[in-house]
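>>> Requesting a structural model of the entry that follows:
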Amino acid sequence: SLQGVDEWGKLFHGDHLLWVPAHPRGRRSILKGWSHVLTCTEVLALAYSYQPNPIEVPKGAEIIFKVTSRDVIHGFHVEGTNINVEVLPGEVSTVRYTFKKAGEYRIICNQYCGIGHQNMFGKVVVKE
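As a prediction, this is how the structure comes out:
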């Protein structure tokens, strides 16, 4: 279970978000005041949805997506980016990305996962 405080002062725990300002020398810290933000987001893919949904992240932060599935193989593709990973049950797929523009980005499953596959979407909301 993750715990942390984002730069906006919100506490996230469980299967949600961990916002950690990174120390300039590479050490992680929950102290405020550093210019670079490293955000780790745990995502669960399951029968025709992603959790959490939407995923909210700050613009300019380096995002580490850790994605897993509890049922079948899924895809995790964020449109308009080069994020595209296969999500296997019981395994964790990890991908890093920095969103340079605020806005909404659609997540799609690009691996056939069953009868509701065509309805499996999520959203990443990048905030200023």
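>>> packing partners for the helix or strand that contains residue 86?
Per DSSP states H and E, residue 86 falls inside strand 84-87. Packing partners of strand 84-87 (3 or more C-beta pairs under 8 Å, 6 or more residues apart in numbering; DSSP states H and E): strand 62-69, strand 74-78, strand 93-98. From N, CA and C alone the C-beta is placed, and that goes for glycine too.
>>> between the second one and strand 93-98, how big is the angle?
To tie it back to what came earlier, the one meant is strand 74-78. What separates the directions of strand 74-78 and strand 93-98 is an angle of 10 degrees, with axes from the mean of the first three to the mean of the last three C-alpha atoms, to 10 degrees.
>>> Partner strands of strand 74-78 and their direction?
Within its sheet, and counting by DSSP bridges, strand 74-78 is paired with strand 84-87 (antiparallel), strand 103-108 (antiparallel).
>>> and residue 121, what are its bridge partners?
Under the criterion used (DSSP bridges), residue 121 bridges to residue 108.
>>> how far away is the residue nearest to residue 128 when sequence neighbours are not counted from residue 85?
Spatial nearest neighbour of residue 128, excluding adjacent residues (C-beta to C-beta, 6 or more residues apart in numbering): residue 102 at 5.0 Å. Distance, residue 102 to residue 85, using C-beta to C-beta, to the nearest Å: 23 Å.
>>> And these two? Which one has more around it.
Legend: neighbour count by other C-beta atoms under 10 Å for residue 102 and residue 85, higher for residue 85 (17 against 13).
>>> which residues does the more buried one contact?
Contact analysis of residue 85 by C-beta atoms under 8 Å, 6 or more residues apart in numbering lists 65, 67, 75, 76, 77, 93, 95.
>>> And residue 81, by the same measure?
Contacts for residue 81 were tallied using C-beta under 8 Å, 6+ apart; they are 97, 99, 105.
>>> For those residues, pick the one with the most neighbours.
Tallying neighbours with other C-beta under 10 Å puts residue 99 at the head of the contacts of residue 81, with 23 neighbours.
>>> surely that one meets residue 105?
Yes - the pair residue 99 / residue 105 is scored as a contact, 7.4 Å apart, by C-beta atoms under 8 Å.
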